[in-house]
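Engineer: Sharing a model that was predicted from the sequence below.
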Amino acid sequence: MDDNKKCPSCGMAYDDDNLIVCLGCGAELHTAPNGDKKKYNLITAYKAMFAKFFDFRSRSSRGEYWWAYLANAIVLLIFTGALFGIDYLAASDLTAAGEVRKVYITAFDIVNYVSLVYGFVVLIPQLALIVRRLHDTGRSAVMALLLFAAPIGSAVLMILLAMKGNRGTNRFGQEP
C-alpha cells in the first residue's frame, strides 16, 4: 500500500483512488478528477433533479441520483402516511355521520389528488435523472425502458443505477 494514500485528518490509509472522502472520518481526500467538488445531500439533489428537468443528455453521479431518490421516497411516504392516517381516523370514528363523514372523504380525496399531481410533476425529472445516471455508466437511455419490464427489469435497472460511473469523459460528457 502506498504511504502517500492517508487521510490528512485521521491518518487512515486507503488504497482506492476513487475515494473522495475518508471512510473513517468523512474528511475530503482529494477533489474529483475534473476538479468539481459537488457534494450532494437530500435537499441539493432534490433541487438539482428539478433544475435539470429536461436534461436527457448529460450525466449524473450516484450521489445525485440516490439522494434525489431518497428525497422523493420521503415525499411519497408522507403522502402515504397522510392517506393511511385519514383512513384510520375515518375507520375509528364509525359513529361519524353526515358532515363529519364528508370531511374524512374530502380530506382523503384532496391528499390523493395532490399526490397524483405530484407523481405527474416528478415523472419527467425522475426519468431524466435515470437517463443521466445511465449515461454516467456509459449506457444508453434505452436501458431506462427496463422500468416497464417489472419486476425483473426494475431490479436490473436498480443494479445498473447503483454501478460506479465511468471516470473522466465518456460519449455523454464530462464526469459529474
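Structural biologist: Received it, and whenever you're ready, just let me know what you need.

Engineer: Which segments of this protein make up each domain?
Structural biologist: Taking automatic domain parsing as the domain assignment, the ranges for the chain are 1-30, 42-162.

Engineer: Make CSV from those domains and add distance to residue 170, mean pLDDT and mean neighbour count to it.
Structural biologist: Where C-beta positions appear, they are placed from N, C-alpha and C, glycine not excepted. Formatted as CSV, those follow (distance: least, C-beta to C-beta, whole Å; pLDDT from 0 to 100; neighbours: other C-beta atoms under 10 Å):
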stretch, distance to residue 170, mean pLDDT, mean neighbour count
domain 1-30, 15, 67, 12
domain 42-162, 5, 92, 15
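
Engineer: closest one to residue 174 among these?
Structural biologist: Evaluated with C-beta to C-beta, these place domain 42-162 nearest to residue 174, the distance being 7.3 Å.

Engineer: Tell me where the chain has helices.
Structural biologist: Counting by DSSP state H, the segments of the chain that form helices are 42-51, 62-92, 99-136, 152-162.

Engineer: From the contact counts, what lies against the second one?
Structural biologist: Here helix 62-92 is seen to pack against helix 42-51, helix 99-136, helix 152-162 when contacts are counted using 3 or more C-beta pairs under 8 Å, 6 or more residues apart in numbering; DSSP states H and E.

Engineer: about what we covered before: got JSON lines for the domains of the chain, with distance to residue 169 too?
Structural biologist: Supplementary listing: these in JSON lines, determined by distance: least, C-beta to C-beta, whole Å:
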{"stretch": "domain 1-30", "distance to residue 169": "16"}
{"stretch": "domain 42-162", "distance to residue 169": "10"}
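
Engineer: and of the helices and strands packed on helix 62-92, who's closest to residue 59?
Structural biologist: When these are compared for distance to residue 59 using C-beta to C-beta, the nearest one is helix 99-136, at 4.0 Å.

Engineer: one step back: now the helices of the chain as TSV including distance to residue 172?
Structural biologist: Formatted as TSV, those follow (distance: least, C-beta to C-beta, whole Å):
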stretch	distance to residue 172
helix 42-51	17
helix 62-92	14
helix 99-136	4
helix 152-162	14
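
Engineer: Out of these, which gets nearest to residue 5?
Structural biologist: Between residue 5 and the helices of the chain, the shortest separation by C-beta to C-beta is 21.8 Å, and it involves helix 62-92.

Engineer: could you check the angle helix 42-51 makes with that closest one?
Structural biologist: Regarding helix 62-92 and helix 42-51, their directions subtend 100 degrees when assessed with axes from the mean of the first three to the mean of the last three C-alpha atoms, to 10 degrees.

Engineer: And residue 42, how far from residue 69?
Structural biologist: Distance, residue 42 to residue 69, using C-beta to C-beta, to the nearest Å: 10 Å.
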